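Peer 1: Give me a model of this one.
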Amino acid sequence: MGYKDVYQTWQNDPEGFWMDQAQAIDWVTPPKKALDDSKAPLYRWFTDAEVNTCYNAVDRHVENGRGDQTAIIYDSPITDTKSKITYAELQTRVASLAGALRAKGVAKGDRVIIYMPMVPEALEAMLACARLGAIHSVVFGGFAASELAVRIDDATPKAIIAGSCGVEPGRIVKYKPLLDGAIEQAKHKPEFCIIFQREQETADLIAGRDFDWHAVQKDVAPAECVPVKGDHPAYILYTSGTTGAPKGVVRPTAGHLVALNWTMKNIYNVDPGDVFWAASDVGWVVGHSYICYAPLIHGNTTVVFEGKPIGTPDAGTFWRVIEEHNVRSFFTAPTAFRAIKREDPKGEMIKNYDISCLRALYLAGERADPDTIEWAQKIMGVPVYDHWWQTETGYTIAGNPAGIEALPVKIGSPTVAMPGYDVQILDEGGNPMPAGELGAIAVKLPLPPGTLPTLWNAEDRFVKSYLTTFPGYYETGDAGIIDEDGYLYIMARTDDVINVAGHRLSTGAMEEILASHPEVGECAVIGVADELKGQLPMGFVCLNNGCTIPEDQIKAEIIKLVRDKIGPVAAFKLVAVVDRLPKTRSGKILRATMVKIAGSEDFKMPATIDDPAILDEIRAALKPMGYAK
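Peer 2: Numbering: from 1, shown residues only. All right, here's what the predicted structure looks like:
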């Protein structure tokens, strides 16, 4: 069957479609029913089933003869370390850690916060929680103490599992003082902490509260897998709220298993045994879904990479990993490729490696500008698939179903809606818009299995944030268009559609034009206040390594490009050349913060910012233009 047939099969019988996919999972009590709509619009899936995630990700592969297959490849150019863990070894290690947690009183439904660097032990901690039916909440290693404290108070964990440190290029980030500070600030106190000591920085342990990772596992019986109900939360993942407190996205166990397993073949086109690599971090949803859970559930080998696209040691590190570990499908954020392109604009370094094992590159996490996609296609010689999803959904809303049928790529579009998602473009009144017109992207309820059923301890906030603006729909917060072929284009966050003298314009469309200039390595466009026109677009550009063209000439060329492509209605005249853009650690550009700086407004330092010093550089670039007063 081709894509249209599969999508039609889902549309004709959503319940039957997901019951069929559920057969690939090993159940303790199989589901008799897929959708539970008894609490609509709060829909749930497979609520009558019982299952264990860790069993499906680890034990069943050992029982089915895959024990000697590599489950995890650890590659850390930062610490010059490489290792491999088979499924059988992973089972032993996870059961042992779960046994230690159980011996200290962790049981089904308890929360455990995980605060770890990119090491295999981070995945072991997640799986050990899943083994016991404990609900984990991974917090990005190195997060500020105040932000960790907020998450401790919201999740109220019985235990915290942490690394002693993270290793970044040129520096060691000590996690333990941050953890101690967070526990001191938090009203809720965990009963105990388990600390994984790294040789780069061993932490002092507090007697009675802190236990060494290895010591705590001695002389304890390994834990068996504990069955949980289908709608039991597998984990809580905090996503930064646009206002105030972070939102705890809840991931339901059974739907998560069924949906993620389906994606590995149908979207990423890998078979069990193939090596799959997502270059992300366990602190983000991509790390949860595609470093830890989906590859292991599907019986793949997953790569845990502790490094950067450039500087560890150079812009060829991705190509080395792909060649060395025989990677079949590779998933990363466009910002990683922009960094490589800026460092090595002609792609010279790829010539030193043989990446013929690779079938495709998948990009997600932010808009993939056409210039980056074209550059990647040209130097890599494989299909480049943009796909779009959110922390809330946990996997692809719109993508190219390469394992069903590789659809023609339209550069700038993440392609089409996946089964389970009825994606529509709505106007402000909630009415569907004609093909090609810009509006709010919404998904008709119910959302498919594995997507968020609610927010942790915040059902009212869930309803208000996602289900109220367009009754009967999930509001994505993104704006875009669907063309006559059903291809979706994500143009901006809804907040990034700016109004210039009555014209609704997408900052994303302008960014595509800026990125098409041959000397622009990275860029961002924001809307700034203007007395006459309401808002004006302002561009920030980072130039390629080795660029020799004068900045004023590049600014003039960029302004002309926007005028030629969008027209005078864009009123695009403000351009700043900067060395770097403020980003989260996952590579998202902090546009909302830049808007506040430009407007001289107060703002809260984003918890996920990679380097706060960049904000001062942005402020300095804005001042000569009459902003950031």
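Peer 1: Could you list every helix and strand in contact with the longest helix seen in the chain?
Peer 2: The longest helix of the chain (DSSP state H) is helix 87-103. Judged by 3 or more Cβ pairs under 8 Å, 6 or more residues apart in numbering; DSSP states H and E, the packing partners of helix 87-103 are strand 70-76, helix 120-132. C-betas here are computed from N, CA, C, even on glycine.
Peer 1: what sits up against the first one?
Peer 2: Contact partners of strand 70-76, identified using Cβ atoms under 8 Å, 6 or more residues apart in numbering, comprise 58, 61, 81-87, 89-90, 118-120, 123, 167, 275, 296, 301-307, 321, 324-325.
Peer 1: per-residue confidence averaged over it?
Peer 2: This predicted structure assigns strand 70-76 an average pLDDT of 98.
Peer 1: how far off helix 120-132 does that strand point, in degrees?
Peer 2: 140 degrees (axes from the mean of the first three to the mean of the last three Cα atoms, to 10 degrees).
Peer 1: Show me the protein divided up by domain.
Peer 2: For the chain, the domain assignment from automatic domain parsing gives the residue ranges 81-226, 501-625.
Peer 1: Pick out the shakiest of those, pLDDT-wise.
Peer 2: domain 501-625 (a mean of 89).
Peer 1: distance between the ends of it?
Peer 2: End-to-end span of domain 501-625 (Cα to Cα, to the nearest Å): 21 Å.
Peer 1: Give me the distance from that domain to the chain's centre.
Peer 2: 24 Å (Cα atoms, centre = their mean, to the nearest Å).
Peer 1: Now, the contacts of strand 70-76 that are in helices?
Peer 2: Going by DSSP H, the helices hold H61, Y87, E89, L90, P120, L123, L296, V321, E324, H325 from the contacts of strand 70-76.
Peer 1: quick one: contacts for H517?
Peer 2: Counted by Cβ under 8 Å, 6+ apart, H517 has contacts V541, I554, E557, I558, L561.
Peer 1: cool, and A576?
Peer 2: M538, G539, F540, V541, A621, L622, M625.
Peer 1: What residues are bridge-paired with it?
Peer 2: F540 (DSSP bridges).
Peer 1: Roughly how far does it sit from P30?
Peer 2: Going from A576 to P30 by Cβ to Cβ, to the nearest Å gives 59 Å.
Peer 1: cool, and A278?
Peer 2: Using Cβ to Cβ, A278 is found at 30 Å from P30.
Peer 1: More neighbours: those two, which one.
Peer 2: Neighbour tally, A278 and P30, criterion other Cβ atoms under 10 Å: the higher count belongs to A278, 26 against 15.
Peer 1: so that one touches H288, yeah?
Peer 2: No: contact criterion Cβ atoms under 8 Å: A278 and H288 do not qualify, at 10.1 Å.
Peer 1: quick one on the thing from earlier: and H188, which of the helices and strands packed on helix 87-103 is closest to it?
Peer 2: Taking Cβ to Cβ, helix 120-132 is the member of the helices and strands packed on helix 87-103 nearest to H188, at 17.7 Å.
Peer 1: Let me see the ranges of the strands in the stretch 501-629 of the chain.
Peer 2: 503-506, 520-530, 534-543, 574-577 (DSSP state E, counting those that start in this stretch).
Peer 1: Same question for the second one: list its buried residues.
Peer 2: Think strand 520-530. Residues of strand 520-530 classed as buried by neighbour count (16 or more other Cβ atoms under 10 Å): V520, G521, E522, C523, A524, V525, I526, G527, V528.
Peer 1: The last one bridge partners, please.
Peer 2: According to DSSP bridges, L536 are recorded as the beta-bridge partners of V528.
Peer 1: Kindly report the same for the fourth one.
Peer 2: With DSSP bridges applied, the residues forming beta bridges to C523 are V541.
Peer 1: Quick check: the gap between it and A598.
Peer 2: C523 is 16 Å from A598, by Cβ to Cβ.
Peer 1: The third one now?
Peer 2: In this view, E522 and A598 are 18 Å apart by Cβ to Cβ.
Peer 1: one step back: can you turn the buried part of the contacts of strand 70-76 into a PyMOL selection?
Peer 2: Buried members of those, defined by 16+ other Cβ under 10 Å, are picked up in PyMOL with:
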select buried, resi 58+61+85+86+87+89+90+118+119+120+123+167+275+296+301+302+303+304+305+306+307+321+325
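Peer 1: G394 is in contact with H288, correct?
Peer 2: Yes: applying Cβ under 8 Å as the test, H288 and G394 come out as touching, 7.5 Å apart.
Peer 1: Which of the helices or strands spans the spatially closest residue to D478 that is not a sequence neighbour?
Peer 2: Of all residues not flanking D478 in the chain, I441 sits nearest, at 4.7 Å (Cβ to Cβ, 6 or more residues apart in numbering). Using DSSP states H and E, I441 maps to strand 439-444.
Peer 1: what does that strand contact?
Peer 2: Residues from elsewhere that reach strand 439-444 (Cβ under 8 Å, 6+ apart): 397, 421-428, 433, 469-470, 472-476, 478-481, 488, 490, 494.
Peer 1: List the buried residues of it.
Peer 2: G439, A440, I441, A442, V443.
Peer 1: Just give me the closest of those to I152.
Peer 2: Nearest to I152 among the buried residues of strand 439-444 is V443, at 32.2 Å by Cβ to Cβ.
Peer 1: The closest one pairs with what?
Peer 2: In beta-bridge terms (that is, DSSP bridges), V443 pairs with V423, Y474.
Peer 1: on that earlier part again, which positions within the longest helix of the chain qualify as buried?
Peer 2: Here helix 87-103 shows 87-91, 93-102 as buried, counting by 16+ other Cβ under 10 Å.
Peer 1: next structured bit after that helix?
Peer 2: strand 111-115.
Peer 1: Show me what that following strand is in contact with.
Peer 2: By Cβ under 8 Å, 6+ apart, the list of residues contacting strand 111-115 reads 101, 106, 122, 125-126, 129, 134-139, 141, 143, 148, 151-152, 155-163, 175, 179, 190, 236, 282.
Peer 1: Inside strands: which ones of these?
Peer 2: I135, H136, S137, V138, A159, I160, I161, A162, G163, I236 (DSSP state E).
Peer 1: just to revisit the earlier point, just give me the closest of the contacts of A576 to G412.
Peer 2: Distances from G412 to the contacts of A576, taken by Cβ to Cβ, are shortest for G539, at 18.2 Å.
Peer 1: Can you get me a residue count around the nearest residue to that closest one once chain neighbours are set aside?
Peer 2: Spatially, and ignoring its direct neighbours in sequence, G539 is nearest to V575 (4.6 Å; Cβ to Cβ, 6+ apart). Around V575 there are 24 other residues, counting by other Cβ under 10 Å.
Peer 1: circling back: can you redo the domains of the chain as CSV with distance to M19?
Peer 2: As requested, the domains of the chain are exported to CSV (distance: least, Cβ to Cβ, whole Å):
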stretch, distance to M19
domain 81-226, 23
domain 501-625, 34
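Peer 1: closest to E348 out of those domains?
Peer 2: Closest approach to E348 among these (Cβ to Cβ): domain 501-625, 11.7 Å.
Peer 1: what about the helix or strand that contains V416, distance to the chain center?
Peer 2: Here V416 sits within strand 416-417, counting by DSSP H and E. Relative to the chain's own centre, strand 416-417 is displaced by 19 Å; criterion: Cα atoms, centre = their mean.
Peer 1: Partner strands of it and their direction?
Peer 2: Take DSSP bridges as the rule and strand 416-417 pairs in its sheet with strand 398-399 (antiparallel).
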